[in-house]
Each structure stands twice: as C-alpha cells, then as structure tokens.
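**Q** Structure of the sequence below:
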Amino acid sequence: MEFEQLLNGWNEELLETEGILEVVLIILLLHLLEESEEGSASEIKELLRPWLELGIPLPRVHLVNGDVLQNVVVVQLFDSVAVFKNATNQLRVSVPYVNIVSWGAF
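**A** Numbering: from 1, shown residues only. Here you go, the predicted model:
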C-alpha cells in the first residue's frame, strides 16, 4: 500500500485498533520505502545516461529474474523505464529500472 493511499484511508477505526504510535510508525516506514525505491530508479537512470549519450553497446545487462541482455545499446531513458536495442538484430526491449541488477562486462 502506498503512502498516499494509507493517508487517504486514515480513520478513527484504524487508530482505535492499531494505536496512534503504531500507525504513525507504519506510515513513516512506508514513506521511507517509497522514497528509497524512487531514489534507486533515478540513480540507475543517471548511471545509464553516459551510455545513452556515447552510444556505446553494453556487453551485458543483468536483470532481477536472471535474464541477461547481451550487446545492447541504450536508446531512451524515461522516468521509470530504460529502452535498450540489440546492436545486431535491432530488437528493442523496455526494462523498468527496478528490474536492472547490474551491467557491464561481467
């Protein structure tokens, strides 16, 4: 449940069953988690930007599910998604930043 959704659902019943301190703690933790996810996505975006600008192929991009994209060029960087193109067959793949584990030669 996102931070804003929890705030919208804030009511007296929730406070009575959980207690004010527990609810505040839960909201704080959810807010921190939401910010950290956004921060890591923008961080990956900025790390991929030089590859986009130079147009140099990445030998490998490792994904969370264990897949590996090989010999790809960064075509576009959006707010939450990177678009890669295979340098040999021109196949395009959109990958959310949260699914990218690492990239490079290894």
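**Q** my read: V75 touches N86, true?
**A** No - counting by Cβ atoms under 8 Å, N86 is not a contact partner of V75; they are 10.3 Å apart. For every residue, glycine as well, the C-beta is placed using N, CA and C.
**Q** Okay, now the unreliable bits of this structure?
**A** 1-40, 105-106 (pLDDT under 70).
**Q** Which residues are in contact with each of V75 and N86?
**A** R92 (Cβ atoms under 8 Å, 6 or more residues apart in numbering).
**Q** residue contacts, L48?
**A** V74, L77, A82, W103.
**Q** switch the cut-off to 10 Å
**A** When contacts are counted by Cβ atoms under 10 Å, 6 or more residues apart in numbering, L48 touches L58, V61, V74, L77, A82, F84, Y97, I100, W103.
**Q** Can you tell me how far it is from A82?
**A** 6 Å (Cβ to Cβ, to the nearest Å).
**Q** Quickly list what's touching both of these two.
**A** Joint contacts of L48 and A82 (Cβ under 10 Å, 6+ apart) are V61, V74, Y97, I100, W103.
**Q** Distance of the first one relative to V93?
**A** It stands for V61. 9 Å.
**Q** More neighbours: which of those two?
**A** V61 (24 against 15; other Cβ atoms under 10 Å).
**Q** Contacts for the helix or strand harbouring the more buried one next, please.
**A** Here V61, judged by DSSP states H and E, is contained in strand 58-63. Residues outside strand 58-63 that contact it (Cβ under 10 Å, 6+ apart) are 48, 51, 67-74, 82, 84, 87, 93, 95-96, 99-106.
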